[in-house]
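Trainee: need coordinates for the following:
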Amino acid sequence: MRFHEFSIDVRRVVGGQGAGEAIVSGQGISFFGGVDPKTGIVTEHGHQLRGETIRGKVLVFPRGKGSTVGSYVIYGLRKNNVAPVAILNIETEPIIIAGCVLGGIPLVDRPSKNPIEFIKTGDWVHVDADVGRVLVRKRCPS
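Mentor: Predicted coordinates for the structure are as follows:
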């Protein structure tokens, strides 16, 4: 199998590194009431990721939404070992930042290219928030 690799520059919000399979949404995510903190499964009605797990994945989505309690849900995901390994936003906001700080989850935003346009669910992604770079490995058709 052949792969195509490329990187994008990002802004570090919460430091650290995380790598794994991407799970991508073009919709914002409300962690409070939208993600089960015990299982890591998206539960929000009408959300394109409903029924999918974010556990152990690089979560790519535009921005958070909803209640400030969402920060504690992100922390709960980490405590229950069902958190994403990293988060990539287009423009993050305080709810996501606080949750990632509490949970020790690498968080980046302001990518040099819109990641939702080229990262697909299942691509392998390595987020290095410390240096401000995201590496993407896509499978190429044979």
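
Trainee: only C-alpha atoms from now on, for both contacts and neighbour counts.
Mentor: Fine.

Trainee: how much space separates Ser71 from Glu91?
Mentor: Separation of Ser71 from Glu91 (C-alpha to C-alpha, to the nearest Å): 16 Å.

Trainee: look at those two and report which has more neighbours.
Mentor: More neighbours surround Ser71 than the other of Ser71 and Glu91, with 22 against 14 (other C-alpha atoms under 10 Å).

Trainee: what packs against the helix or strand where that one lies?
Mentor: Using DSSP states H and E, Ser71 falls within helix 70-79. Judged by 3 or more C-alpha pairs under 8 Å, 6 or more residues apart in numbering; DSSP states H and E, helix 70-79 is in contact with helix 94-103.

Trainee: next secondary structure after the helix it packs on?
Mentor: Following helix 94-103 in sequence, per DSSP H and E, is strand 107-109.

Trainee: helix or strand for the residue nearest the centre of the chain, which one?
Mentor: Taking C-alpha atoms, centre = their mean, the centroid of the chain lies closest to Leu59, which sits 2.1 Å from it. According to DSSP H and E, Leu59 maps onto strand 58-61.
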